[in-house]
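Chemist: Provide a 3D model corresponding to the input given below.
(2 chains)
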Protein chains: 2
Amino acid sequence: MLQVFPYHILQNFSQKVFLAIGFSEKDATLATKVLLKADLRGIDSHGIARLSGYVRLWEAKRLNANPKVEKVYETPSTATMDGDAGVGLVVAPQAMQVAIEKAKNCGTGWVSVKNSNHFGIAGYHAMMALEEDMIGIALTNASPIVAPTYSIDKLLGTNPIAVAIPALLEPAFVADFATTTAANGKFEILERKGEDAPWGWLQDETGQITTDTQARKKGGALLPLGSDYEHGSHKGYCLGAIVDIFSAVFSGANYASWVPPFVSYLPMPENPVGEGIGHFFGAIRVDAFRPAEDFKKHMDNWINTFRNAKAVEGKKVIIPGDPERFYEAERMEDGIPLMNAVVEDLNKLAEKLGVEKLT
Amino acid sequence: MLQVFPYHILQNFSQKVFLAIGFSEKDATLATKVLLKADLRGIDSHGIARLSGYVRLWEAKRLNANPKVEKVYETPSTATMDGDAGVGLVVAPQAMQVAIEKAKNCGTGWVSVKNSNHFGIAGYHAMMALEEDMIGIALTNASPIVAPTYSIDKLLGTNPIAVAIPALLEPAFVADFATTTAANGKFEILERKGEDAPWGWLQDETGQITTDTQARKKGGALLPLGSDYEHGSHKGYCLGAIVDIFSAVFSGANYASWVPPFVSYLPMPENPVGEGIGHFFGAIRVDAFRPAEDFKKHMDNWINTFRNAKAVEGKKVIIPGDPERFYEAERMEDGIPLMNAVVEDLNKLAEKLGVEKLT
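Modeler: The predicted structure follows:
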């Protein structure tokens, strides 16, 4: 069921695919690096398995292979950028870089982006700030598949939040999560296994909670973090809403049900309220509030306190980012496992674009 | 069971109590305004019912009635402030004001605060930004009563997040929520009624989910938003952690299990890692990313889209802040209902301090 590929083989493959659809060498390299970071960190749904999806967006003329990403508005600590319909994999790192430059001057930097596309894992962009001794924040809106509390209409995406916080001797704290009870990729796994979803992940076309994974295709929706009102779904709804507003109402991108779907076979929403999808990035110097050494020492203490907490039998308390870090070390060494179906899909893509197949 | 008091009666009472323990006229007025905002907005657990708790903190010499709140560190868009052990009700608005001033110059302003105490409802402080055509953000850490995913130890507070976003013709979007499945106040209501808690709100002293509200007093803990791992409690844990880090690791306040308890009968944690409890505030000019008129028009459209979504039968989709706004209008007009037990507690306090009783 699985084939394992060394990182550099997938890197070379992805690079050639992006070059074949007209990306510059530099953009193909960057897009590949961001895309494969998902595979390395064990977030398989957001990695190379999506490569043919990006190509289909390009075929549908919804993705510009040579975007000119530009600042269109700014203040000392903020900027709005136009992604020029480029792929988020390339647009987002440029926007995060602007946030970092702003933070160098002002203590913090905040960038909202319109006219972009899917940007891979939010964690990649947030983690860019770590190298600069800054905290990084990355948000994005996404295809509307989530129903706010009591709604039947799908008005939000899985709208992830990533926050990366450096420490001194300890590895960084890296939170990166969808604002839904379960990330979309988990449903694909259940469907493949023919299993029902747990209570609280999904609702049906009348807004009732269901365990039928097929409900997603029959007018149902994913549920916000919290699942139902009694368990705080209104809080998950608030989080998804804040991500949507910061990503799109700030920048002039599409929001709510107007966010363009990632899959190219779904039609574009009518009467768009903005351009493309939206992202939001933040960079905060760790020495913006106290000397960097103080901050990082206390961050080490914070991390060790949580890591060493008394835990439920057979479990331990996890620091956000630990599981992904272990995956990354392992997969960089031992290779990246891909399902046969993904390899077949990639090889069909290779054939179409005249790129050498994976073997 | 309930007595109803006009706002001005409770205002006068609270003012006199704060004056009696040595607050300046100005601070007594401000503390009262912030405290009673909770009662007006229907968040009864955070309002005048806590007044005697604040006085007990002062009696225990853990609250300075005449704090000198000062900036101790800054960059163009950030500052750290020392609350001088003052009550958060008075410290927080001063810190939020600094964030607002920073935003006027830089587009955004961010203030972390150490050496403070409980600040009432987070929403009050976030909403201060609305009057300036800014988005307001308020976070605080709090007494450790929450267990991270898989932890038995209680390392987080209910650590609320408030975000207030202005619109043009529509009332503002005001999210204000604990990062736990259920806010602490809900348990008091259940206990009073002698009812069990729903699944997913609490764990017992072994870390297993329980419906016994008494578990809180027998080594149990509140659960992060998401309840258990399968339903995303690791995401609620991330949110609570981010609030803790921004409030205390930035500022030099106490974090994790070192956060001082609000109730004065619990001992102060040993070997504190900082000073008092911590808060974090943000202010973002709505014209920091696009012209204010554009932002606010689209915010109106966002709000109307969600408010008019197709809803589950008998329900409607709620805009964050709507229920509290309705309460505020109603209670300002018809008065604020207090339980007899609260009135008795306040009258005992009045007697002790030589203040005229509520009748």
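Chemist: Could you tell me which residues of the stretch 251-359 of chain A lie near chain B?
Modeler: Residues of the stretch 251-359 of chain A lying near chain B by CB under 8 Å from any CB of the partner chain: A:251-252, A:255-257, A:273-274, A:284-285, A:288-290, A:294-295, A:298-299, A:301-302, A:305-306, A:309-313, A:315-318, A:320. The way it works is simple: take the backbone N, C-alpha and C, and place the C-beta from them, glycine included.
Chemist: let's see it at 6 Å
Modeler: Taking CB under 6 Å from any CB of the partner chain as the contact definition, the stretch 251-359 of chain A meets chain B at A:252, A:255-256, A:288-290, A:298-299, A:302, A:305, A:309-312, A:315, A:317, A:320.
Chemist: Now that we have the residues you listed, which of them are buried?
Modeler: A:252, A:255-256, A:288-290, A:298-299, A:302, A:305, A:309, A:311-312, A:317, A:320 (16 or more other CB atoms under 10 Å in any protein chain shown).
Chemist: now, which of these lie within strands?
Modeler: Among those, no member falls in strands (DSSP state E).
Chemist: Of these, just say which sits nearest to B:D133.
Modeler: The closest of those to B:D133 turns out to be A:G252 (CB to CB; 18.0 Å).
Chemist: Would you agree that closest one is in contact with A:G276?
Modeler: No. Contact between A:G252 and A:G276 fails when scored by CB atoms under 6 Å: they sit 9.5 Å apart.
Chemist: quick one on the thing from earlier: could you tell me which of the buried ones among the residues of the stretch 251-359 of chain A next to chain B belong to helices?
Modeler: Here DSSP state H is the test, and these give A:298-299, A:302, A:305 as lying in helices.
Chemist: What residues does A:A253 make contact with?
Modeler: Applying CB atoms under 6 Å, 6 or more residues apart in numbering or on different chains to A:A253 gives the contacts A:114, A:274-278.
Chemist: Sorry, wrong one. I was asking about A:M128.
Modeler: For A:M128, the contacting residues are A:96, A:136, by CB under 6 Å, 6+ apart.
Chemist: Beyond the helix or strand of chain A with the lowest mean pLDDT, next helix or strand please.
Modeler: One helix or strand of chain A scores below all others by mean pLDDT, DSSP states H and E: helix A:184-193, with a mean of 84. Once the chain leaves helix A:184-193, the next helix or strand it forms, by DSSP states H and E, is strand A:202-203.
Chemist: outside of that following strand, which residues touch it?
Modeler: Against strand A:202-203 from outside (CB under 6 Å, 6+ apart): A:209-210, A:215, A:220-221, A:223.
Chemist: what about A:V263, neighbour count?
Modeler: 11 (other CB atoms under 10 Å in any protein chain shown).
Chemist: And it, what's its pLDDT?
Modeler: We note a pLDDT of 88 for A:V263 in this prediction.
Chemist: A:G335 is in contact with A:Y7, isn't it?
Modeler: No. Judged on CB under 6 Å, A:G335 makes no contact with A:Y7 at a distance of 7.1 Å.
Chemist: which residues sit in contact with the residue of chain A most remote from its centre?
Modeler: The centre of chain A is farthest from one residue, A:E313, which by CA atoms, centre = their mean lies 32.6 Å away. By CB under 6 Å, 6+ apart, no residues touch A:E313.
Chemist: Show me where the stretch 101-250 of chain A dips below the pLDDT cut-off.
Modeler: For the stretch 101-250 of chain A, not a single residue meets the criterion pLDDT under 70.
Chemist: can you do 90?
Modeler: By pLDDT under 90, the low-scoring segments of the stretch 101-250 of chain A are A:183-194.
Chemist: Tell me where it has helices.
Modeler: Using DSSP state H, counting those that start in this stretch, the helices assigned to the stretch 101-250 of chain A run over residues A:122-128, A:184-193, A:233-244.
Chemist: Including distance to B:E230, could those go into a markdown table?
Modeler: Compiled in a markdown table, these are given as follows (distance: least, CB to CB, whole Å):
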| stretch | distance to B:E230 |
| --- | --- |
| helix A:122-128 | 22 |
| helix A:184-193 | 10 |
| helix A:233-244 | 15 |
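Chemist: Return the member of the contacts of strand A:202-203 nearest to chain B.
Modeler: Of all these, A:L223 has the smallest distance to chain B: 9.5 Å, by CB to the nearest CB.
Chemist: List the single closest residue to that closest one in space, sequence neighbours excluded.
Modeler: A:T181 (5.2 Å; CB to CB, 6 or more residues apart in numbering or on different chains).
Chemist: Just among the contacts of strand A:202-203, which is most surrounded?
Modeler: Neighbour counts for the contacts of strand A:202-203 were taken using other CB under 10 Å; the highest belongs to A:L223, with 26 neighbours.
Chemist: isn't that one right next to A:A182, touching?
Modeler: No. If you go by CB under 6 Å, A:L223 and A:A182 don't touch, sitting 8.3 Å apart.
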